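**Student:** Generate a structure from the sequence data that follows.
(chains A and B)
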Amino acid sequence: MKEILLFILLGLGPGALIAGLALGVVLTYRGAGIVNLATGGVAMLAGYAFWALRTDQIAGIHLSTGPALVAALAFVVVVGVLIEFVVFRPLRTASPLAKLVSSLGILLIAQATVVLAFGTTPQPEPSVLPQTPVKVLGAVIPVDRFILTGIVIVLAAGLASVYRWSRFGLATRAASENQTAAMLGGLSPDRLSLANTLLACLIAGALGILAASLTSLDSETLPLQIVPALAAALLARFTSFSLACAAGIALGIIDSLLQYVSSLSWFPTSGGIAVPGIQELVTFLIIVGAMYIRGARLPGRGDLVEQRLPLAPRPQNLIRTAVIAGVICAVALVVLPYDFREALINTLIGTLMALSLVVLTGFVGQISVVQLTLAGVTGFAISHFAVNFGIGFPLAPIIGTAVAVLLGMITALSALRVRGVALAVVTLAAAVAIQNFGFLNPTWGGGQTGSPVPEPQLLGLDLGTNAHFRGLDGNVPSPIYGWVVLAVTLGLCLVVGALRRGNLGQRMLAVRSNERAAAAASINPRNVKLAAFGISAFVAGLAGSLYAYNFGSVSADRFDAFTALSLIAFAYAGGITLISGAAFAGLISTQALFPYALDKWFGLSGTWFLLFGGVILIVTLIQNPEGVAGAFYRRTHRRPAFDPQLPEAAAQDPVAAISSSPRGERGTPVLRVRGLSVAFGGVHALSEVDLEVGEGELVGLIGPNGAGKTTLIDAVTGFVSCAGVVELDGRNIEKLASYERARLGCSRTWQGTDLFDDLDVRENLAVAVAVGERATAEDGAAGALDAAGPGPELGEVDTTLATMGLDPIAPALPSELSEGQRKLVGFARAVVSRPRLLCLDEPAAGLDTRESSALGRRLRDLADRGQSTLLIDHDMGLVLGICDRVVVLEFGKVIANDAPEVVRRDPAVIAAYLGGAATPAQVVD
Amino acid sequence: MTRQALRRLSVLTTALAAIVALAACGSSKSSSSSSAAPGAGASSSATSSSPAPATGSGSGGAGAHSVTNYLAYTGGKAGPANPKLAPVTIGWVNQQGGTQQVGPLATVGAQTAVKYINSQLGGVDGHPVALKECFIRSADEEGTTCAQQLLADKQVKVIDEGAVAIGIQSFYSTLGGGKPVIVGVSVTPTDAAEKNAVVLFGDTTHVLGPFGTYAKQVLHAKSAALIYPNIAGITQGAQAIGNALKSAGVQVKSVAYDESQTDLTGALTSAGVQTADMIIPYSDSSGCVNLAKGLKQLGVTDVKKIVSAPLCLNGQVQAGLGGDYPIWSYAIASSLYGDPTDPGMPPYIKVTKQLEPAADAPDPWNLVAFSQILTTVKFLNELGYNGISSQALLAKAKAFKGPLALGAPSLNCGQFPSAPAVCNNRTQFFAYHGHNQFVKAAGWLQPPT
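**Tutor:** Residues are numbered from 1 along each chain as shown, chains lettered A, B, ... in the order given. Presented below is the predicted three-dimensional model:
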């Protein structure tokens, strides 16, 4: 017990450092919406500035501690201003991934600048805090650990108070939740962002100076502390200072305790040493556990909608492009000198690695840092199979890739409940854990020195870099290996291209756009994500195989977390949603054609290339937020022309082809709700609601704001948990997931249009009909198999588009449409799968009178032809004019349920709407 | 008598006492069969103290076997090489130019040796020597590229390697045994396992065995605290130290830490540094600063008890600690720069004074690389310009028995089946008292049997 207490105290120092940096991360996130990977880098800059000013390093200036401290902090304020104005502000509306990547650019620049200015030598940063040894529990602990911990705790408490009680804090909170609303309220998000960024820099800078006695002043130690600091910030949801502080200190203490435990005789060993990586593994498990418990299967209503990633247009001329690229590369592999041949091979492998991110991040929006690690898993597996079991090519890479896919799928489990940058942090922790616990383990990894990989041979034919044919110059690497790499890369590019064009690709983009809307369109987000992680891991695994055979070895350094972050950064800069973007990323990957040429012809390499890379990264993000390939695509491809003015939509018989005949006896309940209750904490949104919608019946659902109308639809369609019974066609569906209910025919629209912004109008409908037509709730668990199914029922889509008069805008993206048009497309997407029950949530909102009338006619016609519909709208004229029956909710309870003409005269309804003073006519108005 | 003179007398008395004590224990091995290993000495001479001579040998370095005449050593002819003749090209690989560097000054040492050979030792059979340099900065890919470049250049018959940790696996894999590699000090076990390589001074595993002997016979330690970062080369070395200590009957508590870990007081306490008889902070240069700070903060400062490897005798560490090395004892398997008892040291100092900046000469990697190139040229001269081939050169190197310039008096390459490239497993120990004052603590020791 004494030892445990002692090591808890010993963990305070490093814990305080982690906690302090976590406070900086939280501050930047709250102010600028950026997960700043450069927070540790800013601490490093402050440390260097302080050391330089104290030791005559800058123009002979020698300051004492106080002035040097002030000057160093002033320096980081200047750095903060530069970061804010040059990087953060131009990227204010960019996607979270772009912002994350930009902070990596800042880190690269900071590290390169320090190395170029002061070299890689650690510097003796003078200590500011006293280091008097204190005797505690029989051991000595320097007093500065306690002081630093106290400072960080006070800082966290101060920040928490400021953000809770001060006007500045409240304004920051408001702006971080809704910038537009904040601006309308007279707040300036720019100023708030600047203030928070500067505060974050000051805190990080102060830590870089105060923590001198417990760290080393070099270009890596402090920047690397961002990994545990991110974990602490994540556990605090990037919002709570006190939680971030507590989590940071706790992580330091856990590390210290694990260090103690690892020295005990019973601790498991590997190769004669304590199993490495236990600390990282435990940290990862804590993060995953916490995030899994806190996360949700689907984002909640009102959850912050993050800026979307760049467009992912359908690839065109795939085969032609592949053939041309293939021929050029195949010839180049023979005629190029050996060094450029190797650079080309590195380019192709880099392309493949980036391609795995195109699938996962570009198509599904999952920011995963672990993909490069999965490539490493395959590489190490190949080495072990060959060395320990004599299993070589092609079986070893196949098994190795399968292992990577398996690990990728396990990683995907966390993605089912964690999203956005939080997922990036979780996968970063996973990458660090696999690196330390897996790759560096001398038994099942490669230890620190890596593992050998034998030459790939098939039927006696050498396919590796040392194959007999050596190209025109007769040197290694052999073009034969280059051709193998080329074939795999082109093959997978074609597969990924076909994936984007096919139904699964559309569903991936639907999930990327809006998971809730995707689920409402019968898509199972879980299976789509699992499929994406699996495919992406497969591509990464193959890339890992090619890495391993290219180098004839695998080493842990090649697959570390910062290399993985760099890969994401360059994949984003290349164009993370495009295959051509992967090719651009391949061109600028390590020792690929571009950096190799820069090195060979201009001598730009090493640290200078690091600096150059950081600058280029930031410039690219600001100039081309869609990446180089995205900008290139935009310049070379025109969006299909369309007529933004819709004709009078199919006035003659608008819905005949959509729903040709009633499917049941009129009046038979399609939807039956009994005793439905929904509570959010202590608030009862719905209480014991009973409701029926008959076959072909159009039921209006009205009520004042907050009455529970949308919650009722959410409960019926499976987007909130509820008590009570929900039956569709006599079958209980309250236990089913939302996408399963949609597949049974429970379709809905949303108050906001919630279209899939990355798909055009036709694809928006196609993605819904493709699943809805063929899938049922019974096959829900195997829904991912849909991926292999035939394409969308285009006939149904075209019919719906034509009959609703939407065919002129079929090639348009939702962002190119008016609000009214978007509403109509949302309506069309809901009806295209011929649902049993259509739930419409304010479909007329945003429509003008003419459009609203047309919508009313369509709904009435649909109902007359057998479509059961539950309609919410505030347009009383519309609801009371077309509905067969109207249900009125107030405070979550049904207060009326009758024919429209009865409801409009119901005193309770009148009272609910107008406090009892209205006339029936006022309700209608 | 001045204060300085008094101090010298005091140190001399202490040294004499140490000699008596060590002679009495009679456990140290003679240097007659010893050789050298990782890194060498400090940044300036140990002249202000009189280092205790190695037990048995009576002098530093390789003692009577020290190489003192580089012309005779290389087998060249006095005077410059003929610039009109075709050069003999030696490949040179080092890890430098990136954010992680192990021994960037190794390249300076190699270049100094080439300048010296071409200007004063007549090159190789009169042909000037040229270095074809290739640097690994930060990636495996660069190891592959370097191997391809050196393979593609038909003029390169042999490759000398400086201090390389990153990309060395891919380097050897791509090289595929196509050309022999001569290594001074190996920082990872990869070199040691290569059949086509020769590690002249030793690697991070085999020359660490004498730690056990030192603990048992010099410190009479019963317990030891071993702390090390989990990084390439170091973990294996720590294992070797741990095994050696156990073989010597010393109880060891080992604690590894992640290289990104900041505060090491927890790890050090966990290893039991405050109570152990012997403390071994074993790290590459990047970790030495933090270890030194941690030990100092915990009040653990006994120079005799703290024993480390010469990887901490590095300019980076010196800078990181504000101008001095950690005040510890060191195991050193090569000559110690400035060791006045080493007959092999004056020639090196003389050459480096002529040909390179004064600040670079003491760097251990500089010293090792200088010797490495001289030794490579020795092999080339023995083969003669027309007899140079990769196979013949490898055979020559493997058969080399020493003495090694600035290193061991004798070598035995291939003595370890699992590490066929390694030629040495003996080490000498020095106590460092600050301000460049080294005192020999034990002569050439072998691992415990």
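
**Student:** List the buried residues of stretch A:451-461.
**Tutor:** Residues A:451-456 are the ones in stretch A:451-461 that count as buried (16 or more other Cβ atoms under 10 Å in any protein chain shown). C-beta here means a position set from N, CA and C on the backbone, and glycine is covered the same way.

**Student:** which residues touch it?
**Tutor:** Residues outside stretch A:451-461 that contact it (Cβ atoms under 8 Å, 6 or more residues apart in numbering or on different chains) are A:379-380, A:382-384, A:386-387, A:392-394, A:397, A:445, A:462-467, A:481, A:484, A:548-549, A:551-555, B:169, B:173.

**Student:** and with 7 Å instead?
**Tutor:** A:380, A:382-384, A:386-387, A:392-394, A:462-464, A:466, A:548-549, A:552-554, B:169, B:173 (Cβ atoms under 7 Å, 6 or more residues apart in numbering or on different chains).

**Student:** Can you turn the buried part of the residues you listed into a PyMOL selection?
**Tutor:** Typed into PyMOL, the line below selects the buried ones among those, using 16+ other Cβ under 10 Å:
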select buried, (chain A and resi 380+382+383+384+386+392+393+462+463+464+466+548+549+552+553+554) or (chain B and resi 169+173)
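
**Student:** Residue A:577 in helix, strand or coil?
**Tutor:** coil (DSSP: H, G, I helix; E, B strand; the rest coil).

**Student:** I figured it hits residue A:361, correct?
**Tutor:** No. Using Cβ atoms under 7 Å, residue A:577 is not in contact with residue A:361; the gap is 8.1 Å.

**Student:** Neighbour count: those two, which is higher?
**Tutor:** Neighbour comparison, residue A:577 and residue A:361: the larger count goes to residue A:577, with 29 against 26 (by other Cβ atoms under 10 Å in any protein chain shown).

**Student:** mind checking how far the more buried one is from residue A:571?
**Tutor:** Going from residue A:577 to residue A:571 by Cβ to Cβ, to the nearest Å gives 10 Å.

**Student:** pLDDT of stretch B:327-341, averaged?
**Tutor:** For stretch B:327-341, mean pLDDT is 87.

**Student:** err, stretch A:203-214, not the other one
**Tutor:** Mean predicted lDDT for stretch A:203-214 stands at 93.

**Student:** Name the residues of it that are buried.
**Tutor:** A:203-214.

**Student:** ok now that stretch, how far from the chain's centre?
**Tutor:** Its chain's average C-alpha position is 32 Å from that of stretch A:203-214, according to Cα atoms, centre = their mean, to the nearest Å.

**Student:** can you check stretch A:391-411 too?
**Tutor:** 25 Å.

**Student:** Check stretch A:584-597 too.
**Tutor:** With Cα atoms, centre = their mean, you get 26 Å for stretch A:584-597.

**Student:** What is the end-to-end distance of that stretch?
**Tutor:** Terminal residues of stretch A:584-597 are spaced 15 Å apart (Cα to Cα, to the nearest Å).

**Student:** Tell me which residues are up against that stretch.
**Tutor:** Residues contacting stretch A:584-597 (Cβ under 7 Å, 6+ apart): A:339, A:343-344, A:346-348, A:350-351, A:354, A:570-571, A:574-575, A:609, A:628-629, B:139, B:141-142, B:145.

**Student:** ditto for stretch A:875-882
**Tutor:** A:698, A:700, A:702, A:844, A:852, A:856, A:859-860, A:871, A:873, A:886, A:900, A:904, A:923-924.

**Student:** Would you mind listing the buried residues in that stretch?
**Tutor:** So for stretch A:875-882, counting by 16+ other Cβ under 10 Å, buried means A:875-876, A:878-880, A:882.

**Student:** Can you name the residue of the stretch 51-200 of chain B nearest chain A?
**Tutor:** Scanning the stretch 51-200 of chain B for the residue nearest chain A gives residue B:173, at 2.5 Å (criterion: Cβ to the nearest Cβ).

**Student:** Would you check that that residue makes contact with residue A:551?
**Tutor:** Yes. Between residue B:173 and residue A:551 there is a contact at 6.0 Å, judged by Cβ under 7 Å.

**Student:** same for whatever helix or strand residue B:293 lives in, what does it pack against?
**Tutor:** Using DSSP states H and E, residue B:293 falls within helix B:285-297. The contact analysis (3 or more Cβ pairs under 7 Å, 6 or more residues apart in numbering or on different chains; DSSP states H and E) places helix B:285-297 against helix B:265-271, helix B:315-320.

**Student:** Tell me if the last one is near chain A.
**Tutor:** Yes. Using Cβ under 7 Å from any Cβ of the partner chain, a contact is recorded between helix B:315-320 and chain A, made by B:316, B:319-320.

**Student:** And that helix, what does it pack against?
**Tutor:** So helix B:315-320, by 3+ Cβ pairs under 7 Å, 6+ apart, packs with helix B:285-297.

**Student:** which SS class is residue A:692?
**Tutor:** strand.

**Student:** And it, how far from chain B?
**Tutor:** Per Cβ to the nearest Cβ, to the nearest Å, residue A:692 is found 63 Å from chain B.

**Student:** partners of that residue in the sheet?
**Tutor:** Counting by DSSP bridges, residue A:692 forms beta bridges with residue A:672.

**Student:** Could you pick out the residues of the stretch 251-400 of chain A near chain B for me?
**Tutor:** The stretch 251-400 of chain A comes close to chain B at residues A:256, A:259-260, A:262-263, A:272-274, A:276, A:279, A:338-339, A:342, A:346, as judged by Cβ under 7 Å from any Cβ.

**Student:** Using a markdown table, please lay out the residues you listed together with distance to residue B:90 and secondary structure.
**Tutor:** Below are these laid out as a markdown table (distance: Cβ to Cβ, whole Å; DSSP: H, G, I helix; E, B strand; the rest coil):
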| residue | distance to residue B:90 | secondary structure |
| --- | --- | --- |
| A:256 | 49 | helix |
| A:259 | 45 | helix |
| A:260 | 50 | helix |
| A:262 | 45 | helix |
| A:263 | 46 | coil |
| A:272 | 38 | coil |
| A:273 | 37 | strand |
| A:274 | 42 | strand |
| A:276 | 38 | coil |
| A:279 | 44 | helix |
| A:338 | 20 | helix |
| A:339 | 20 | helix |
| A:342 | 23 | helix |
| A:346 | 27 | helix |
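
**Student:** what's the closest of the residues you listed to residue B:229?
**Tutor:** Checking those against residue B:229 with Cβ to Cβ, the nearest one is residue A:276 at 10.5 Å.

**Student:** Local confidence estimate at that closest one?
**Tutor:** You'll see residue A:276 listed with a pLDDT of 83.

**Student:** where do the strands sit along the stretch 101-250 of chain B?
**Tutor:** Along the stretch 101-250 of chain B, counting by DSSP state E, counting those that start in this stretch, strands occupy B:129-136, B:156-161, B:181-186, B:197-203, B:223-229.

**Student:** Tell me who's in contact with residue 168.
**Tutor:** Defaulting to chain A. Applying Cβ under 7 Å, 6+ apart, we find residue A:168 in contact with A:162, A:195.

**Student:** Let me rephrase: I mean chain B.
**Tutor:** Taking Cβ under 7 Å, 6+ apart, one finds B:143, B:188, B:190-191 in contact with residue B:168.
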